[in-house]
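S.K.: requesting a structural model of the entry that follows:
(2 chains)
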Amino acid sequence: DVKVTQSSRYLVKRTGEKVFLECVQDMDHENMFWYRQDPGLGLRLIYFSYDVKMKEKGDIPEGYSVSREKKERFSLILESASTNQTSMYLCASSLFSASNEKLFFGSGTQLSVL
Amino acid sequence: QKEVEQNSGPLSVPEGAIASLNCTYSDRGSQSFFWYRQYSGKSPELIMFIYSNGDKEDGRFTAQLNKASQYVSLLIRDSQPSDSATYLCAVNNQAGTALIFGKGTTLSVSS
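M.R.: The predicted model follows:
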């Protein structure tokens, strides 16, 4: 089965730090996604990528950027972490279009910004 | 901004009963509809998808879609305590490139 691996399960950072969240998938999927999940707000799409070096903004891209230099790796970057970015971050991938295919999720990174 | 609405719950049903989970969406152009299950502390996993009006059955699960009413539901027959989880409804975005999720409905099945 597809494996989506997020580099850290728990992360604690200070306000103002630059934070990198890494995600790697092992099944040659075209599409990769970053969501954040907060109690009462559900899963919200931050950014996604449908090809190497291609990226699209999701619903809440402010304060984030992404990088996809290789097909298997999709990084989420918090340029200057703030306390309101404390959240569970979920990476996902799909083979082609997310509209008609299963999303495979990583196990998540719980980020705390102090 | 597309919206996907779900009652947050909790929805409580006894073991063996039918659990009915509902979802409405705002964009009439939506084509693809998914139900994901998320256990506490775990990642979402796909349980059903539906594209056409009507019912789609898979074991104890039935997804129902009514595009005219912009309504999609998930029925779980013979509910088990192991079905206790949060159920997320998801709909494709306007470009068809990503999924927009509802906030989820928490289901609790008591034995």
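S.K.: up against chain B, what does chain A have?
M.R.: Within reach of chain B by Cβ under 8 Å from any Cβ of the partner chain, chain A has these residues: A:31, A:33, A:35, A:40-45, A:48, A:50, A:56, A:58-59, A:90, A:97-100, A:102-103, A:105-108. The way it works is simple: take the backbone N, C-alpha and C, and place the C-beta from them, glycine included.
S.K.: surely B:Glu57 is in a helix?
M.R.: No: using DSSP: H, G, I helix; E, B strand; the rest coil, the assignment for B:Glu57 is strand, not a helix.
S.K.: partners of it in the sheet?
M.R.: B:Thr62 (DSSP bridges).
S.K.: which SSE is A:Leu45 in?
M.R.: strand A:42-49 (DSSP states H and E).
S.K.: can you list contacts of that strand?
M.R.: With Cβ atoms under 8 Å, 6 or more residues apart in numbering or on different chains as the test, strand A:42-49 has contacts from A:31-38, A:55-61, A:64-66, A:68, A:74, A:76, A:90, A:98, B:44, B:88, B:93, B:97-104.
S.K.: can you point out the buried residues in stretch A:53-71?
M.R.: Under the neighbour-count criterion of 16 or more other Cβ atoms under 10 Å in any protein chain shown, stretch A:53-71 has A:Lys55, A:Glu56, A:Gly58, A:Tyr64, A:Val66, A:Ser67, A:Arg68 buried.
S.K.: should've said stretch B:86-102
M.R.: B:86-93, B:97-102.
S.K.: endpoints of it, how far apart?
M.R.: For stretch B:86-102, the first-to-last residue distance is 11 Å (Cα to Cα, to the nearest Å).
S.K.: and it, how far out from the chain's middle?
M.R.: Put simply, stretch B:86-102 sits 11 Å off its chain's centre (Cα atoms, centre = their mean, to the nearest Å).
S.K.: the spatially most central residue of chain A sits in which helix or strand?
M.R.: The centre of chain A sits closest to A:Trp34, judged by Cα atoms, centre = their mean, with a distance of 2.8 Å. Assignment of secondary structure by DSSP H and E places A:Trp34 within strand A:31-38.
S.K.: which elements pack onto that strand?
M.R.: strand A:19-25, strand A:42-49, strand A:64-70, strand A:73-78, strand A:87-94 (3 or more Cβ pairs under 8 Å, 6 or more residues apart in numbering or on different chains; DSSP states H and E).
S.K.: most packed of those strands?
M.R.: With neighbours taken as mean count of other Cβ atoms under 10 Å in any protein chain shown, the helices and strands packed on strand A:31-38 reach their highest mean count in strand A:87-94, at a mean of 24.
S.K.: just the residues contacting the next helix-or-strand element following it, thanks.
M.R.: Downstream of strand A:87-94, the first helix or strand assigned by DSSP H and E is strand A:104-105. Strand A:104-105 has contacts (Cβ under 8 Å, 6+ apart) with A:1-4, A:25, A:27, A:29, A:90-94, B:43-45.
S.K.: mind doing that once more with 10 Å?
M.R.: A:1-4, A:6, A:25, A:27, A:29, A:32-33, A:35, A:43, A:90-95, B:36, B:38, B:42-46 (Cβ atoms under 10 Å, 6 or more residues apart in numbering or on different chains).
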